[in-house]
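Novice: Quick check, what structure comes out for this input:
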Amino acid sequence: MKFSTLRVLAVSAMLSVSALAGVAYAENPMVGGAPMSETKDIIDNAVNSADHTTLVAAVKAAGLVDTLKGAGPFTVLAPVNAAFDALPAGTVDNLLKPENKAQLTKILTCHVIPANALAADISKMAMDDGGTHMVDTVGGCKLALKSEGGKVTITDENGNVANVTIADVVQSNGVIHVIDKVLLPKS
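Specialist: Take a look at the predicted model:
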């Protein structure tokens, strides 16, 4: 009789854990008006965000779709459309031209860190490094990651500072942090 009771308790505990896992899954933040699924990769989620149409077009033009659908893990710092709009007039159209593919690829890969870094990880690394953690991107850029008062910022090689506006959008192959500025390689 006691064995049966223990079995019922064990099964109940497993179901509770499964239910909690479902709740965690449901709590992935929405981005650009679209739900983001932890079971989809970075590209499959990004194409649903109304706030990332310029980024998606740029990723396609640079030929990076297959890379960002890969196993990862990747941390993608994803600028919103308004961040691209803030660049000097004509910049995005010029970068999307086939003859500028190498430059576009460099810029985009400077937004990708070859690791799975949640905001809490970034905060800890920054704290452990005296307030700023330097990281190398897939594109060879060096970014300064900072965390103050629960807010994460990223500074590129030119001193431009991007704020993380939506953190920890978990993907099957990494994580996306939505940012409000385009990060640029050293000029």
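Novice: Skipping adjacent residues, who's closest to Asp156 in space?
Specialist: Leu183 (4.1 Å; C-beta to C-beta, 6 or more residues apart in numbering). To be clear about C-beta, it is placed using only N, CA and C from the backbone, and glycine gets the same treatment.
Novice: what's the distance between the one you found and Asn48?
Specialist: Using C-beta to C-beta, to the nearest Å, Leu183 is found at 23 Å from Asn48.
Novice: Of the two, which one has the most company?
Specialist: Remark: of Leu183 and Asn48, Leu183 carries more neighbours, 24 against 17, as counted by other C-beta atoms under 10 Å.
Novice: Mind checking what secondary structure the more buried one has?
Specialist: Secondary structure assignment for Leu183 (DSSP: H, G, I helix; E, B strand; the rest coil): coil.
Novice: pLDDT value on it, please?
Specialist: Looking at Leu183, its pLDDT stands at 96.
Novice: Next up, phi/psi of it, please.
Specialist: phi -90, psi 140 (degrees, to the nearest 10).
Novice: show me the contacts for it.
Specialist: Leu77, Pro79, Ile107, Cys110, His111, Cys141, Leu143, Ile154, Asp156, Asn160, Ala162 (C-beta atoms under 8 Å, 6 or more residues apart in numbering).
Novice: Count the residues that sit near the residue nearest to the fifth one when sequence neighbours are not counted.
Specialist: Spelled out, it's His111. Leaving aside its chain neighbours, His111 sits nearest to Leu77 (4.5 Å; criterion: C-beta to C-beta, 6+ apart). Neighbourhood size, Leu77 [other C-beta under 10 Å]: 24.
Novice: Quick check: Leu77 vs Thr132, distance?
Specialist: Counting by C-beta to C-beta, the gap from Leu77 to Thr132 is 16 Å.
Novice: what pLDDT does the residue nearest to His111 get?
Specialist: 96.
Novice: Let me see the backbone angles for Ala34.
Specialist: Phi and psi for Ala34, reported as degrees, to the nearest 10, are phi -120, psi 140.
Novice: got the contact list for it?
Specialist: Counted by C-beta under 8 Å, 6+ apart, Ala34 has contacts Asn45, Asn48, Ser49, Ala50.
Novice: Glu157 too?
Specialist: Contacts of Glu157 by C-beta under 8 Å, 6+ apart are Cys141, Lys142, Leu143, Leu184, Pro185, Lys186.
Novice: could you redo those residues as a markdown table and give each row neighbour count?
Specialist: Formatted as a markdown table, the contacts of Glu157 follow (neighbours: other C-beta atoms under 10 Å):
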| residue | neighbour count |
| --- | --- |
| Cys141 | 22 |
| Lys142 | 14 |
| Leu143 | 19 |
| Leu184 | 16 |
| Pro185 | 17 |
| Lys186 | 10 |
